[in-house]
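Q: structure for this input, please:
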Amino acid sequence: MIRPEAAIFYVASVKDQHYFRGGELLETGLAFDQYNLKLTPYGTLPYFLVPETLGETAGGNYYLSEATRALRWQALSNLFLPPHHWHGRHDLKFGVDFDRLVYDAQFARQPISFWPVATTSGPCPTNSNGVPTLPSPCSRYSTFSGGSPSSTYNFESNAYAEDRWLITDRLLVEPGVRFDWDEIIRTPLVSPRLAGTYVLDNSGNTKFSAGIGLIYDPSLLFLIARPFAGQRTDYFFNSAGALTGTVPTIFSVDRNALQAPRFVNWSLGLERKLPAAIYLKAEFLEKRGSRGFVYNTLSASSGNFTLENTRDDRYDAFELSLRHNFRESYMLMGSYTRSRVHSNQALDFNVDSPLLSSQQPGPYTWDTPNRFSVLGIRAAVQTAHHSPNRDRLFDGGAHGISFQRHQRSAATRWPPRIASLPRIFFARSSTRKALPSFRILLGPARRSQQHHWPPQPHCGQQRHQLAPVPHLQRL
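A: Here you go, the predicted model:
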């Protein structure tokens with residue numbers, strides 16, 4: 001019924017590092033990525049559905065054609081200062097990041113006929129104006145309008161400052177602060193973070209880590225652009241074929257009323273080196289989100305949805321992992337995660353969902369309470385510096401509280417026996433180095449009360465937050 005999706009992804013980036021005589025390291029970069037997605041039905045036959053209670057089936061050709069494009073330009077600069085000593089060793093770094101984002105979309109939809117019994121099929125009878133004739137044999141008939149080409153833009157600017165403070169060989173504290181602004185929310189945002197790691201024994205084989213931070217979610221363009229995706233009108237009929245109601249579904253956004261969604265994340269972790277160079281790690285992570293973006297309606301029978309900041313999310317996870325490094329460039333890790341996610345407003349209303357309801361609490365559809373993961377990595381490049389203690393648990397902090405879009409450069413220095421900090425604060429969307437890897441996820445997913453019909457392809461990739469939503473991902 002649906003022609004295979006045509007997805008094209010373009011990525012380009014350039015980055016330069018310059019060392020100054022005083023020991024400063026300046027890193028600058030420019031990146032571009034673009035993601036195109038096209039969905040086309042095989043034909044133009046009318047699309048119809050029969051009730052789910054009868055084993056929901058569909059006929060005809062799919063009603064939706066779409067073409068979307070998401071692109072981003074990014075410029076960044078990071079400055080790493082030489083270490084200085086004051087009650088320990090301080091490694092200061094600062095950075096700025098500027099992003100231009102564009103989301104283009106075009107949609108075309110055909111009517112959908114809902115039949116009350118499985119013995120009938122085809123389109124509902126309509127008059128010359130496309131309105132169902134009475135009495136109607138259908139139980140519901142949906143028509144669509146809008147969806148013409150549209151473009152939505154955003155500009156983001158960010159800055160951060162961070163200090164890696166090695167107080168002793170066994171205690172590392174990492175305070176920092178991040179500043180964000182975009183042209184949708186238009187409010188300066190300040191988000192402090194703090195993390196620390198302590199080596200528990202003289203052998204350096206056990207460490208304890210903790211961290212807490214305030215995280216602001218970005219303004220997701222596909223939600224801001226939803227009013228341009230089109231409108232739907234539903235006609236409802238009783239068993240006698242009489243019209244019982246007509247409900248238009250419309251989406252609206254008042255940018256002046258929006259606030260930035262925020263999360264408070266904290267974690268506790270314990271890591272231990274076992275015999276045969278196997279590392280055991282136990283970690284608890286909690287996220288508390290508030291002011292999340294969600295489309296709400298004043299009445300369960302109304303189709304007028306407005307984007308608001310009324311979603312509250314809760315996520316708790318406990319993870320056990322085992323890791324083993326083979327030589328210098330191979331790593332194998334297995335983990336088990338027990339998690340729970342809950343939202344006070346779990347439904348994602350959109351023009352392609354036939355659900356007419358008020359918001360409902362519950363878990364998200366992606367919630368997987370029990371998750372097993374196996375990850376294998378082979379490093380593509382060697383790092384510029386080699387730690388003399390690479391066989392120890394604390395062979396240099398490769399990550400910590402990340403305040404920039406890029407991870408810390410592999411060429412930067414580290415003092416011996418620094419403990420890597422908890423991996424909970426990848427600010428907004430920082431990513432790791434691209435490495436060849438494989439990943440296996442096992443475990444049944446728990447479904448929420450939301451019915452996902454029809455399946456919707458979207459442009460972009462998922463951002464790191466509670467609700468998995470498509471969006472541009474930072475390089």
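Q: kindly export stretch 298-311 (C-alpha atoms) in CSV.
A: Output of stretch 298-311 as CSV, limited to C-alpha atoms (Å, rounded to 0.1, in the frame of the first residue of the first chain):
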residue,chain,number,x,y,z
LEU,A,298,-10.3,22.1,26.7
SER,A,299,-12.9,19.4,26.0
ALA,A,300,-12.7,15.7,25.2
SER,A,301,-15.2,16.2,22.4
SER,A,302,-13.3,19.2,21.0
GLY,A,303,-10.8,19.1,18.2
ASN,A,304,-9.1,22.4,19.0
PHE,A,305,-5.6,21.6,20.3
THR,A,306,-3.1,24.2,21.6
LEU,A,307,0.6,23.7,22.4
GLU,A,308,1.1,24.2,26.1
ASN,A,309,3.7,23.6,28.9
THR,A,310,1.6,21.2,31.0
ARG,A,311,3.5,17.9,30.7
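Q: what's next to it, contact-wise?
A: 223-224, 226, 232, 234, 245, 247-254, 257-259, 261, 289, 291-297, 343-345, 349, 356-359, 467 (Cβ atoms under 8 Å, 6 or more residues apart in numbering). In short, each C-beta sits where N, CA and C put it, glycine included.
Q: make a ChimeraX selection of the buried ones in those.
A: The command below creates a ChimeraX selection of those among the contacts of stretch 298-311 that count as buried (16 or more other Cβ atoms under 10 Å):
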select :223,224,226,232,234,247,249,250,251,253,258,261,289,291,292,293,294,295,296,297,343,344,345,349,356,359,467
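Q: in stretch 33-43, which residues are buried?
A: Neighbour counts over stretch 33-43 (16+ other Cβ under 10 Å) mark 33-39, 41 as buried.
Q: wait, which of those is closest to Ser157?
A: Asp33 (18.5 Å; Cβ to Cβ).
Q: and the helix or strand hosting that closest one, which strands flank it?
A: Here Asp33 sits within strand 25-41, counting by DSSP states H and E. As defined by DSSP bridges, the strand partners of strand 25-41 come to strand 2-19 (antiparallel), strand 64-80 (antiparallel).
Q: redo those as a markdown table? Include mean neighbour count, distance to Ala58 and mean pLDDT.
A: Shown next, in a markdown table, are the strands paired with strand 25-41 (neighbours: other Cβ atoms under 10 Å; distance: least, Cβ to Cβ, whole Å; pLDDT from 0 to 100):
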| stretch | mean neighbour count | distance to Ala58 | mean pLDDT |
| --- | --- | --- | --- |
| strand 2-19 | 11 | 11 | 85 |
| strand 64-80 | 20 | 12 | 96 |
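Q: still on that earlier bit, after the strand holding Asp33, next one along is what?
A: Remark: after strand 25-41, the chain's next helix or strand is strand 47-49, criterion DSSP H and E.
Q: determine the set of other helices and strands touching that next one.
A: strand 58-59, strand 112-114 (3 or more Cβ pairs under 8 Å, 6 or more residues apart in numbering; DSSP states H and E).
Q: and the angle for whichever helix or strand comes after the last one with strand 64-80?
A: What it means is strand 112-114. With elements assigned by DSSP H and E, the helix or strand that comes after strand 112-114 is strand 140-145. If you take axes from the mean of the first three to the mean of the last three Cα atoms, to 10 degrees, strand 140-145 sits at 60 degrees to strand 64-80.
Q: hmm, who's touching strand 140-145?
A: Strand 140-145 is contacted from outside by 63, 109-114, 124, 126, 130, 132, 230-237, 351, 354, using Cβ under 8 Å, 6+ apart.
Q: among these, name the buried ones.
A: Buried members of the contacts of strand 140-145, counted by 16+ other Cβ under 10 Å: 63, 109-114, 124, 126, 132, 230-237, 351, 354.
Q: next, format the strands paired with strand 25-41 as TSV and append distance to Ser157.
A: Shown next, in TSV, are those (distance: least, Cβ to Cβ, whole Å):
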stretch	distance to Ser157
strand 2-19	19
strand 64-80	10
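Q: need the distance between the two termini of stretch 124-134.
A: The straight-line separation of the ends of stretch 124-134 (Cα to Cα, to the nearest Å) is 10 Å.
Q: got it, and stretch 180-194?
A: The first and last residues of stretch 180-194 sit 18 Å apart, counting by Cα to Cα.
Q: pull out the buried positions in that stretch.
A: For stretch 180-194, using 16+ other Cβ under 10 Å, the buried residues are 180, 182, 184-185, 189, 191, 193-194.
Q: show me which pair in the residues you listed is furthest apart.
A: Ile184 and Leu194 (28.4 Å).
Q: tell me how far the longest strand along the chain is from the chain's mean position?
A: Determined from DSSP state E, the single longest strand within the chain is strand 304-326. Using Cα atoms, centre = their mean, to the nearest Å, the mean C-alpha position of strand 304-326 is found 9 Å from that of the whole chain.
Q: how about stretch 20-29?
A: Relative to its chain's centre, stretch 20-29 lies at 32 Å (Cα atoms, centre = their mean).
Q: span of that stretch from start to end?
A: Taking Cα to Cα, stretch 20-29 runs 17 Å from one end to the other.
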